[in-house]
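> A predicted structure for the sequence below; I have some questions about it.
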Amino acid sequence: MMACGWQPEDDATPTLRDVEFMAETLEGRHGCHAAEVAEFFASLHTDRGDAGRSWAWAGVAELVRHRERMRIGGE
């Protein structure tokens, strides 16, 4: 069994690069549903009391939607 190095009290705030990678990964796997998938994870973490991860996933959803608007024709 692998030991996990992360502890609940550790700061799990993602960098902008992490958020971009998460957005790209969701877009690649879920296409036009990527923002909804990110919102699902944001809600899940909110329900579990993990505000940091919820905030991160909400940022991913926002970034995916922004990228969609840019692809469609700009802001």
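Right, received. Where do you want to start? Numbering: from 1, shown residues only.

> tell me which residues in stretch 43-51 are buried?
His45 (16 or more other C-beta atoms under 10 Å). In this view, the C-beta of every residue, glycine as well, is placed from N, C-alpha and C.

> Name the residues that touch that stretch?
Identification of contacts with stretch 43-51 by C-beta atoms under 8 Å, 6 or more residues apart in numbering yields Arg53, Ser54, Trp57.

> now those as JSON lines including distance to His30 and secondary structure?
Listed next are those as JSON lines, based on distance: C-beta to C-beta, whole Å; DSSP: H, G, I helix; E, B strand; the rest coil:
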{"residue": "Arg53", "distance to His30": "18", "secondary structure": "helix"}
{"residue": "Ser54", "distance to His30": "19", "secondary structure": "helix"}
{"residue": "Trp57", "distance to His30": "13", "secondary structure": "helix"}
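
> Just give me the closest of those residues to Met70.
Sorting the contacts of stretch 43-51 by how near they are to Met70, with C-beta to C-beta, puts Trp57 at the top with 20.4 Å.
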